[in-house]
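> Just to be clear, the model below is a prediction. Sequence and coordinates:
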Amino acid sequence: MGYYLEIKTQPKPEIEFVLICCCTCKRPHMLAEAMHSIDNLNLLPAVKTAVLIVDNDEDETARTVTENFQHTSKIPVYYVVEKQRGIASARNRVLKEAIALGASHIAFFDDDEILDKNWLCNHINFYRNNSDVLISSGPTYSKFTEEYPPYIKNNKIFKTSTTKKTGTTRPICASGNVFFPVSVTKDSGLWFDNRFVYMGGEDGDFFSRASNAGYTIVWNNDAINYELIGNSRANLKWILNRHYYNGYSGAMLKFLENDKILLKFLYLLKTFTALVCCLFLLVPSVILGLTMFFNVLGLVLKNKGKIDYIFANKPLDYYKEVNGN
């Protein structure tokens, strides 16, 4: 399967059949909430719409939840199992199934998210009403399932607002909230890179290459979804590990196809300087409270992650090495 082809974009595809897609693995309770939000979506009658669930668990832990949803859903729901573990494998299965089903567009979200009722309509209308929009990327806001201390809720790892403006062109986006034509793969040959299979970051890489190929990514503040934050994430261990991972994966994305020694040296020098500055600020930041302290500590770990990638120069297994499961 080719990942880095010389690509020529096609004319902007018309929206004919939208496939709402979600990859999941061993999180049936989260998936059930996600599906409930799908059922509450406002839909455009003139646009054919269906749902695809890709279960990345050979034990099929999402089957019962999906079949229950199939009985009540107002639109068709498809369920497939991708036994090859890893998020890149699951996302590539989405692309294959979308092509096989004849979908013209994919609306991606994650199994730990719930959708605003106008999420899909706002993606579709934005795509249709703006000639330069080929990929519509929207915000994912953190939604806490219960009360947590301010130093948890106000950590910068959790997004509750954005300064991005609708209509802003972006070089990259994530798959947690994105709408794009299937032609990115069907006509232009892009697939998710299996080098990210156990790491994550495969979506940033995929959409960065799509952008470089001429598929303009444009920010859309009106297409909103929410990431559910419960006890498994609203804790310091997860937060600090995530900061480290963001730094590591960000450096990997930057240098995956650019291994020039001088650029790596300059990046390392810049990152090391930032790390030293953050370490210097760590102790006085306590004076401003725990929220500031843990945000600065997050920056320390993010920069350490960047440096670690430069020396390791290989993917990590996020779920084992960072997330601890």
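Done, it's in. Numbers count the residues shown, from 1 in each chain.

> so what's Ile229 bridging to?
On the basis of DSSP bridges, Ile229 is bridged to Phe144.

> In the stretch 1-150 of the chain, where is pLDDT below threshold?
The model of the stretch 1-150 of the chain has pLDDT under 70 over residues 1-10.

> Now do the helices in the protein.
28-39, 63-72, 87-101, 119-129, 150-153, 183-186, 202-212, 236-255, 261-285, 290-312 (DSSP state H).

> Of the ones you listed, which is nearest Ser137?
helix 202-212 (7.8 Å; CB to CB). The way it works is simple: take the backbone N, C-alpha and C, and place the C-beta from them, glycine included.

> How about residues contacting that closest one?
Residues from elsewhere that reach helix 202-212 (CB atoms under 8 Å, 6 or more residues apart in numbering): 3-4, 7, 87-88, 91, 135, 137, 170-176, 178, 180, 184, 188, 190-193, 196, 217, 249, 253, 256.

> Give me the buried subset of those residues.
Buried by 16 or more other CB atoms under 10 Å: 3, 7, 87-88, 91, 135, 137, 172-176, 178, 180, 184, 188, 190-193, 196, 217, 249, 253, 256, out of the contacts of helix 202-212.

> about what we covered before: next, format the helices of the chain as a markdown table and append distance to Thr49.
Listed next are those as a markdown table, based on distance: least, CB to CB, whole Å:
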| stretch | distance to Thr49 |
| --- | --- |
| helix 28-39 | 10 |
| helix 63-72 | 14 |
| helix 87-101 | 12 |
| helix 119-129 | 7 |
| helix 150-153 | 35 |
| helix 183-186 | 18 |
| helix 202-212 | 22 |
| helix 236-255 | 32 |
| helix 261-285 | 44 |
| helix 290-312 | 39 |
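
> Any idea which of those helices gets closest to Asp222?
Here helix 119-129 is closest among those (CB to CB), at 4.2 Å.

> and of the helices of the chain, who's closest to Tyr318?
Comparing the helices of the chain by CB to CB, helix 236-255 comes nearest, at 5.7 Å.

> next one: the closest one to chain centre, how far?
Relative to its chain's centre, helix 236-255 lies at 14 Å (CA atoms, centre = their mean, to the nearest Å).

> same thing with stretch 267-276?
27 Å.

> Could you check it and say which residues are buried?
267, 271, 274-275.

> what does that stretch contact?
Residues outside stretch 267-276 that contact it (CB under 8 Å, 6+ apart) are 251, 254-255, 299-300, 303-304, 306-307, 310.

> Wait, Ile124 touches Val47, no?
Yes: counting by CB atoms under 8 Å, Ile124 does reach Val47; the two are 6.4 Å apart.

> which one of those two has more residues nearby?
Higher neighbour count among Ile124 and Val47: Ile124, with 22 against 16, using other CB atoms under 10 Å.

> how far away is that one from Tyr226?
The gap separating Ile124 from Tyr226 is 20 Å, by CB to CB, to the nearest Å.

> And Asn220, by the same measure?
Distance, Asn220 to Tyr226, by CB to CB: 16 Å.

> Those two: which is more packed in?
Neighbours were counted for Asn220 and for Tyr226 using other CB under 10 Å; Asn220 has more, 26 against 20.

> if I read this right, that one contacts Ser136, doesn't it?
Yes: Asn220 is within contact range of Ser136, at 4.7 Å (criterion: CB under 8 Å).
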